[in-house]
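Colleague: what's the 3D shape of this:
(4 chains)
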2 protein chains.
Amino acid sequence: MSDPDRPTFRVIADQIRAAIHEGTYAKGSTLPTDVQLAEQYGGNRNIVKRAIELLTAEGYVNKTSNQRGSTVSAIIAKIRRDSTARYARAFREGQQAGQPARGSFNAEIQALGMTPESRVRVTRVAPPANVAKILGLQHNTETTIVRARQMFADSTPVQLADSYIPVAIAEAAGLENEDTGVGGMLSRLTEAGYAQATIEETINVRTPSEEEAERLNLTEDHRVYEIVHVARTEDGTAIEVALHVMPVHLWELSYKWEADPRS
Amino acid sequence: MSDPDRPTFRVIADQIRAAIHEGTYAKGSTLPTDVQLAEQYGGNRNIVKRAIELLTAEGYVNKTSNQRGSTVSAIIAKIRRDSTARYARAFREGQQAGQPARGSFNAEIQALGMTPESRVRVTRVAPPANVAKILGLQHNTETTIVRARQMFADSTPVQLADSYIPVAIAEAAGLENEDTGVGGMLSRLTEAGYAQATIEETINVRTPSEEEAERLNLTEDHRVYEIVHVARTEDGTAIEVALHVMPVHLWELSYKWEADPRS
DNA sequence: GAGTGGTCTAGACCACAGA
DNA sequence: CTGTGGTCTAGACCACTCG
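Modeller: Sure, this is the predicted structure:
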């Protein structure tokens, strides 16, 4: 059955992957060292290392710098990002009974029974070129506020999200504070007269930059979603551009809409 | 600057990647052999091979089985799949002046100046378990028609799309023919009284199966989008489930919707 | 038959962390 | 100091293709 001469390093990767699924190696635990694994499965250390590289890139295994033995990833399930629902007001405010979630990220993580955490840093910066273009701003001067968020689930970093807002709008909406209150930034923008009417998200998958790899605890062999999120008012002016970066093995994306709304 | 002890195989990969971008290696052309590259860049053949593996997984290089020298990928630009627009009737029928596009896939490929081609095979099958569950059918018997499409851009395979429709509905809409006429399958379904009202798409990224790898000319180190597309009528019954599989390095996905449509 | 890509082996060196 | 993971080297074998 299947390919008879499937390379050894893939076979070993398959075996270890299966062992993780079966619970032989508990999630969060430490894998045996290369040499130990080499004794168990194949002969050569290089071959075992290659197998583990595969599993690392797939997200089954984490390499915490110079640790003894790699650790089995603590998160197996995918976090679901329901992109259209997350911008509905009820979901943002986390109104379900007994759920203290504030903001859609918290709701997403709690849906998995994990503990969300996020760190925000608000600064005034010159936006990246592509963001500046969408917002119709100069990209050489500090024309935007950025709310740089780093998000965690059970202390594991799972997402980076940088939200760019033109300075004029941010000031009007009082978004220079780190805490944006109930309903988050979007509720503040609405109150300030910048209600978002349409949203567009563009998705690409790429390798993480060195900085992203470090902040998300990834290697360059991983893949991340890069979501460019643009919110516009009724008249079409862009009021916010958010860049989301998240490991593909941790997230599942979902979109729901009505077919042929007009015409 | 950057990491001083960046591993050699990554440095070489960077150099070759840059050379491809600069046009030193023309797209569609054949790269030098391993040994030649080893002479040019580093010393060892293994190291060069590892570099090329990286570039292959990223989609810059194609390995056509036992060819002499790998070939530089012919497609550099990303094909844009505007998921919400593609189900609007005007786009499907390709009504722009002089554009003979029929179906949204053709329009997507022609937008890049490439020539689309697609092969369809219609058969009656037992649906996969997850599809059966969504459609509310048995998955052990032949309860669905599948329109299995394989799509190409300039003769390069770029997407697999299997569309499952319950037998009863397919017969009513006359979908057992391979050619579905102007406006495609969706127009036929609408005419038969199964107008789709809502659409939901769920996106995951994973490694391709062996079969998918072969049909899309990929290795197991590539990554593919898996999009589960579900169309429902006004009363919420699912009438079609489509499984789209496409290499992440060839596609960019886009969604656009109205914020807070109700409430 | 020679060259090539894919795989595997055996062994080496280094930086670094834990005992 | 020892063990470990990350990297690199040198060389081998095989299947396959091209000339």
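Colleague: residue ranges of the strands in chain A, please?
Modeller: Using DSSP state E, the strands found in chain A span residues A:61-62, A:71-72, A:79-82, A:116-125, A:144-153, A:156-166, A:198-206, A:224-232, A:238-247, A:251-258.
Colleague: quick one: buried residues of stretch A:22-35?
Modeller: Residues A:25, A:31, A:32, A:34 are the ones in stretch A:22-35 that count as buried (16 or more other Cβ atoms under 10 Å in any protein chain shown). (Glycine included, C-beta is placed from N, CA and C.)
Colleague: now chain A, which segments are flagged as low pLDDT?
Modeller: For chain A, the stretches with pLDDT under 70 are A:1-4, A:65-67, A:89-102, A:182-183, A:260-263.
Colleague: which residue does it bring closest to DNA strand C?
Modeller: In chain A, no residue comes nearer to DNA strand C than residue A:8, which is 2.8 Å away by Cβ to the nearest atom of the strand.
Colleague: how many residues are close by that residue?
Modeller: When counting by other Cβ atoms under 10 Å in any protein chain shown, one arrives at 16 neighbours for residue A:8.
Colleague: need the contact list for it.
Modeller: By Cβ atoms under 8 Å, 6 or more residues apart in numbering or on different chains, residue A:8 lies in contact with A:42, A:47.
Colleague: against residue B:47, how distant is it?
Modeller: Going from residue A:8 to residue B:47 by Cβ to Cβ, to the nearest Å gives 20 Å.
Colleague: then residue A:71?
Modeller: From residue A:71 across to residue B:47, the span is 28 Å (Cβ to Cβ).
Colleague: which of those two has more neighbours?
Modeller: Legend: neighbour count by other Cβ under 10 Å for residue A:71 and residue B:47, higher for residue B:47 (20 against 17).
Colleague: nearest spatial neighbour of the more buried one, skipping sequence neighbours?
Modeller: Once flanking residues are discounted, residue B:47 sits nearest to residue B:9: 4.9 Å by Cβ to Cβ, 6 or more residues apart in numbering or on different chains.
Colleague: how much space between that neighbour and residue A:145?
Modeller: Counting by Cβ to Cβ, the gap from residue B:9 to residue A:145 is 41 Å.
Colleague: up against chain B, what does the stretch 51-200 of chain A have?
Modeller: A:54, A:57-58, A:78, A:83-84, A:87-90, A:195-200 (Cβ under 8 Å from any Cβ of the partner chain).
Colleague: now the buried members of those.
Modeller: Neighbour-count burial (16+ other Cβ under 10 Å) applied to those gives A:54, A:57, A:58, A:83, A:84, A:87, A:88, A:195, A:196, A:199, A:200.
Colleague: which pair of the residues you listed spans the longest distance?
Modeller: Largest separation among those by Cβ to Cβ: A:54 and A:195, giving 47.3 Å.
Colleague: now do the end-to-end distance for stretch A:62-81.
Modeller: With Cα to Cα, to the nearest Å as the measure, stretch A:62-81 spans 23 Å from end to end.
Colleague: which positions in that stretch come out as buried?
Modeller: For stretch A:62-81, a neighbour-count test (16+ other Cβ under 10 Å) marks A:62, A:63, A:69, A:70, A:71, A:72, A:73, A:75, A:79, A:81 as buried.
Colleague: reformat the residues you listed as a markdown table; add distance to residue B:20.
Modeller: Shown next, in a markdown table, are these (distance: Cβ to Cβ, whole Å):
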| residue | distance to residue B:20 |
| --- | --- |
| A:62 | 31 |
| A:63 | 29 |
| A:69 | 37 |
| A:70 | 32 |
| A:71 | 36 |
| A:72 | 36 |
| A:73 | 33 |
| A:75 | 35 |
| A:79 | 35 |
| A:81 | 33 |
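Colleague: for the nearest residue to residue A:207 once chain neighbours are set aside, grab the count of nearby residues.
Modeller: In space, and not counting its chain neighbours, residue A:207 is closest to residue A:220: 5.6 Å by Cβ to Cβ, 6+ apart. Counted with other Cβ under 10 Å, residues neighbouring residue A:220 total 16.
Colleague: thought residue A:220 was touching residue B:9?
Modeller: No: Residue A:220 lies out of contact with residue B:9 (Cβ atoms under 8 Å); the separation is 11.0 Å.
Colleague: roughly how far apart are residue A:13 and residue B:248?
Modeller: Distance, residue A:13 to residue B:248, by Cβ to Cβ: 20 Å.
Colleague: meant to ask about residue A:46
Modeller: 28 Å.
Colleague: have a look at these two and say which one is more surrounded.
Modeller: Taking other Cβ under 10 Å, residue A:46 and residue B:248 do not tie; residue B:248 has more neighbours (23 against 13).
Colleague: and stretch A:44-63, anywhere near DNA strand C?
Modeller: Yes: Stretch A:44-63 is in contact with DNA strand C by Cβ under 7 Å from any atom of the strand, via A:44, A:45, A:46, A:47.
Colleague: where do the helices sit along chain A?
Modeller: A:8-22, A:34-40, A:45-58, A:89-93, A:104-110, A:129-135, A:167-173, A:184-191, A:210-215 (DSSP state H).
Colleague: the longest one vs helix A:45-58, what angle?
Modeller: Right, the one you point to is helix A:8-22. Angle of helix A:8-22 versus helix A:45-58, following axes from the mean of the first three to the mean of the last three Cα atoms, to 10 degrees, is 50 degrees.
Colleague: name the residues of helix A:8-22 that are buried.
Modeller: Burial within helix A:8-22, assessed by neighbour count using 16+ other Cβ under 10 Å, is assigned to A:8, A:9, A:12, A:13, A:15, A:16, A:17, A:20.
Colleague: pretty sure the second one is touching residue A:50, no?
Modeller: The reference is to residue A:9. Yes: Residue A:9 is within contact range of residue A:50, at 4.1 Å (criterion: Cβ under 8 Å).
Colleague: just give me how far stretch A:127-136 sits from the chain centre.
Modeller: 21 Å (Cα atoms, centre = their mean, to the nearest Å).
Colleague: quick check: buried residues in it?
Modeller: The neighbour-count check on stretch A:127-136 (16+ other Cβ under 10 Å) flags A:127, A:131, A:132, A:134, A:135 as buried.
Colleague: residues touching the residue lying closest to the last one once chain neighbours are set aside, list them.
Modeller: Read it as residue A:135. Excluding its sequence neighbours, the residue lying closest to residue A:135 (Cβ to Cβ, 6+ apart) is residue A:238, at 5.2 Å. For residue A:238, the contact set (Cβ under 8 Å, 6+ apart) comprises A:134, A:135, A:136, A:230, A:231, A:232.
Colleague: so what sits opposite the last one in the bridge?
Modeller: Per DSSP bridges, the residues bridged to residue A:232 are residue A:198, residue A:238.
Colleague: how near is it to DNA strand D?
Modeller: According to Cβ to the nearest atom of the strand, to the nearest Å, residue A:232 stands 43 Å off from DNA strand D.
Colleague: burial measure for that residue, as a count.
Modeller: Residue A:232, neighbours per other Cβ under 10 Å, totals 19.
Colleague: quick check: residue A:239 touching residue A:163?
Modeller: No: judged on Cβ under 8 Å, residue A:239 makes no contact with residue A:163 at a distance of 10.8 Å.
Colleague: and the gap between residue A:156 and residue A:28?
Modeller: In terms of Cβ to Cβ, residue A:156 sits 10 Å off from residue A:28.
Colleague: could you give the bridge partners of residue A:224?
Modeller: On the basis of DSSP bridges, residue A:224 is bridged to residue A:206, residue A:247.
Colleague: quick revisit: which stretch among the strands of chain A comes nearest residue B:258?
Modeller: Ranking the strands of chain A by their distance to residue B:258 (criterion: Cβ to Cβ) puts strand A:198-206 first, at 5.6 Å.
Colleague: how far off strand B:224-232 does that closest one point, in degrees?
Modeller: 150 degrees.
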